[in-house]
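I'll drop the sequence and a predicted model, then ask my questions.
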Amino acid sequence: MMNFKLHISNLAAATVLAAALGAAQPSHAADGNVLRLQGTIQVNAGQGDQVLQSHATVVDAKLGEKTAARLGTAEGQKSVADANARLGGNGAPAATSNDVQDMANAMAGRTVYTSQASHMAIINSYGITLDAKSAEKSGMRTQLSLRFSDEDMKLIDAKVEFYPDSSKSSESYATKIKASDVTIDKLERKGDKTFVLSGSFKASDLKAGVLAKQLKGKTLASVSGRFDFQEVPIRAK
């Protein structure tokens with residue numbers, strides 16, 4: 001399991017790495033990567049049911065070697081410069097070629113999970129985040145966050161965030177969900193490090209996120225869905 005934290009500098013390096021390799025994201029199904037389905041969310045946001053998928057990605061074990069080769073070309077260096085220029089417009093720090101290479105070396109051969117769980121001992125709970133999106137580049141995305149008591153695994157609260165266009169990370173609608181509006185059909189442990197769960201949810205009156213620009217001032221009337229996940233790993237501390 002991939003277990004290093006993405007600080008701002010790491011995030012910049014990951015973004016530049018994707019650009020340098022010519023992929024949409026370094027953790028997606030680029031050449032040499034292997035995708036494994038974690039689960040699905042069938043969501044309806046007023047346009048009929050859409051099935052969204054969440055994947056684990058086994059990153060190419062030769063990513064470090066491929067990155068070094070790419071960075072050794074003029075085209076690769078131009079990709080780094082262009083990506084840094086785009087990030088700079090958002091106030092993000094630049095990533096050097098060494099940052100990009102270090103990121104590639106760290107990611108090579110690891111498994112990256114889109115949906116994960118974590119144990120929050122200080123508040124006696126487990127947090128589970130289910131994140132799924134359309135296979136289409138600009139398709140929708142839904143992130144469902146659930147918090148359970150670590151004593152009896154009863155649901156405490158929940159939140160849903162809906163992205164009409166998954167390629168626009170700041171353009172979303174979000175709201176908290178009452179526990180009574182979430183139904184848990186299954187919640188099991190598979191071994192010591194993985195949850196299996198399924199259920200449904202509904203929410204109404206979703207406001208645009210605080211960072212949204214195109215959606216600013218807009219409201220999504222309702223969103224509902226069903227989730228079915230066979231692999232939600234518990235993140236190591």
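Happy to help now that I have it.

strands of this structure, residue ranges please.
Along the chain, counting by DSSP state E, strands occupy 34-44, 49-58, 111-113, 116-120, 125-133, 141-149, 155-163, 173-177, 182-189, 194-208, 219-233.

tell me the mean pLDDT for stretch 194-206?
Mean pLDDT, stretch 194-206: 98.

actually stretch 163-170, sorry about that
93.

distance from the chain centre to that stretch, please.
Between the centre of stretch 163-170 and the centre of its host chain there is 12 Å, according to Cα atoms, centre = their mean, to the nearest Å.

kindly report the same for stretch 148-158.
Here stretch 148-158 is found 22 Å from its chain centre; the criterion is Cα atoms, centre = their mean.

buried set for it?
Using 16 or more other Cβ atoms under 10 Å as the test for burial, stretch 148-158 gives 148, 155, 158. C-beta here means a position set from N, CA and C on the backbone, and glycine is covered the same way.

could you dump the residues you listed into CSV with distance to residue 104 added?
Below are these laid out as CSV (distance: Cβ to Cβ, whole Å):
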residue, distance to residue 104
148, 36
155, 39
158, 36
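
now render those residues as CSV, adding pLDDT.
Listed next are the buried residues of stretch 148-158 as CSV, based on pLDDT from 0 to 100:
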residue, pLDDT
148, 98
155, 98
158, 98
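
flag the shaky bits of this protein, pLDDT-wise.
1-31, 87-92, 237 (pLDDT under 70).

of all the buried residues of stretch 148-158, which comes closest to residue 54?
residue 158 (16.6 Å; Cβ to Cβ).

report the contact partners of the residue nearest the centre of the chain.
Residue closest to the mean C-alpha point of the chain, counted by Cα atoms, centre = their mean, is residue 114 at 4.4 Å. Residue 114 makes contact with 38, 54-57, 131-132, according to Cβ atoms under 8 Å, 6 or more residues apart in numbering.

go on, residue 77?
71, 97.

again, but for residue 49
Under the criterion of Cβ under 8 Å, 6+ apart, the neighbours of residue 49 are 42-43.

tell me what it is bridged to.
residue 44 (DSSP bridges).

swap in residue 128?
Applying DSSP bridges, one finds that residue 128 bridges with residue 117, residue 146.

my read: it touches residue 146, true?
Yes - at 4.6 Å, residue 128 counts as touching residue 146 under the criterion of Cβ atoms under 8 Å.

and the residue nearest to the centre of the chain, backbone torsions?
With angles defined as degrees, to the nearest 10, residue 114 sits at phi -80, psi -40.

so how far is residue 52 from it?
The gap separating residue 114 from residue 52 is 11 Å, by Cβ to Cβ, to the nearest Å.

tell me, what's touching these two both at once?
residue 132.

in the chain, what residue sits furthest out from the centroid?
Largest centroid distance in the chain under Cα atoms, centre = their mean is residue 74 at 31.6 Å.

and of the contacts of residue 114, the nearest to residue 214?
Relative to residue 214, the closest of the contacts of residue 114 is residue 131; by Cβ to Cβ it sits at 21.1 Å.

hmm, residue 61 is touching residue 108, no?
Yes - at 5.6 Å, residue 61 counts as touching residue 108 under the criterion of Cβ under 8 Å.

more neighbours: which of these two?
Remark: of residue 61 and residue 108, residue 108 carries more neighbours, 17 against 12, as counted by other Cβ atoms under 10 Å.

ok, back up a step: list only buried entries from the contacts of residue 114.
The neighbour count (16+ other Cβ under 10 Å) marks 38, 54-57, 131-132 as buried among these.

quick check: the farthest pair among these?
Greatest spacing in the buried ones among the contacts of residue 114, by Cβ to Cβ: 57 and 132 (13.9 Å).
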